[in-house]
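Undergrad: With the sequence up front, the predicted model follows.
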Amino acid sequence: MDINEIIDSLPSLKTTVEAYGLLAKKALGQNFLLDRNITDKIVAQSLQKQKLSSLSGTHVFEVGSGPGGLTRSCLRVSPDLMTIIELDDCCIKIAQDMKSKIGNRLEIVNQDALNYQFDFKENLPKHIFSNLPYNISVPLLTKWLYSIGSYQSLTLMFQKEVADRIEAEIRSKDYGRLSVLAQLQCHITRLFNLPPEAFTPAPKVWSSVLLFTPRNDALDVNSINQLEKITALAFSKRRKMLRQIFKSTADFDKICETCDILPTMRPEEVTPQQFYQLSKLL
């Protein structure tokens, strides 16, 4: 049987959840997607935006596989290798049962994704797909932004309010440190939004699927470290003028002039590129 026939032979996600007694754990930020139409749509729209017909010849990573809906949808488009990183023991058992039928193209890692060191030993292009655990979505994204050049794409589900912050434009209430970091490192496309009832159990908020593809001029680790320090300080005092925030910096007005910034501007008025220029000089 080919991969699609194998997946079609698996029990439905609803049956799987019931058979394993799987319950979403609030402590792990779990909300499960049990509708194949949605998980297939996530993968299909991601591929379409990337002008790809499949994931053949790639290594796909998934964080938080849950009952395996998104895992199945990813496997249907034929990655050479798929690695799932999952902390929940019950979800691991579901994945192991799937692996027994699919074989070695599916790898299972029972580990906290925040501590997992992604394997870059083989030369396959790498993609990440994830219905992210909401309680660690921002730390995970920040971690991946540091090494964004190692990936072809990230296709990630966030709470809509977090997605709004990631995509926020200057002079908006949602614009902040995360907006600056993400927009300097990636081209970002919102694929679609999902209502609470799309999930089991239903969260209290809407969710959004974002596609991240690395920019050719993405920053290196040292540059991001410095940028993080500057933006963390700036947005912790977002209503103050830059001149007040960086008052201990010598010749700050001249530095601002070099960056085409007014020292009377507030952090929310400074573009990501201007923040980067500023971070190089402070």
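TA: Perfect, I can see it now.
Undergrad: from here on, contacts and neighbour counts on C-alpha atoms
TA: OK.
Undergrad: so how far is the first residue of stretch 101-112 from its last?
TA: Start-to-end span of stretch 101-112 (CA to CA, to the nearest Å) is 25 Å.
Undergrad: which residues are contacting that stretch?
TA: With contact meaning CA atoms under 8 Å, 6 or more residues apart in numbering, stretch 101-112 is reached by 3, 6, 80-89, 92, 95-96, 99.
Undergrad: Among those, pick out the one closest to Gln226, please.
TA: Ranked by distance to Gln226 (CA to CA), the contacts of stretch 101-112 are led by Ile85 at 29.8 Å.
Undergrad: How is that closest one assigned, secondary-structure-wise?
TA: At Ile85 the chain is in strand, as set by DSSP: H, G, I helix; E, B strand; the rest coil.
Undergrad: Now do it against Ala113, distance only.
TA: Distance, Ile85 to Ala113, by CA to CA: 6 Å.
Undergrad: Between the two, which contacts overlap?
TA: Counting by CA under 8 Å, 6+ apart, the contacts common to Ile85 and Ala113 are Val63.
Undergrad: which SSE is Leu141 in?
TA: helix 137-146 (DSSP states H and E).
Undergrad: That helix - contacts with which helices or strands?
TA: If contacts are counted by 3 or more CA pairs under 8 Å, 6 or more residues apart in numbering; DSSP states H and E, helix 137-146 sits against helix 177-185.
Undergrad: Go through the helix or strand where Glu18 lies and flag the buried ones.
TA: Element membership for Glu18, per DSSP H and E: helix 13-20. Within helix 13-20, the residues scored as buried using 16 or more other CA atoms under 10 Å are Leu13, Thr16, Val17.
Undergrad: Could you chop this structure up by domain?
TA: According to automatic domain parsing, the chain is divided into the following domains: 3-214, 222-281.
Undergrad: pLDDT wise, what is Ala24 at?
TA: pLDDT, Ala24: 56.
Undergrad: Ile84 too?
TA: Looking at Ile84, its pLDDT is 96.
Undergrad: right, and it touches Pro67 too?
TA: No. The pair Ile84 and Pro67 does not pass the contact test of CA atoms under 8 Å, sitting 11.7 Å apart.
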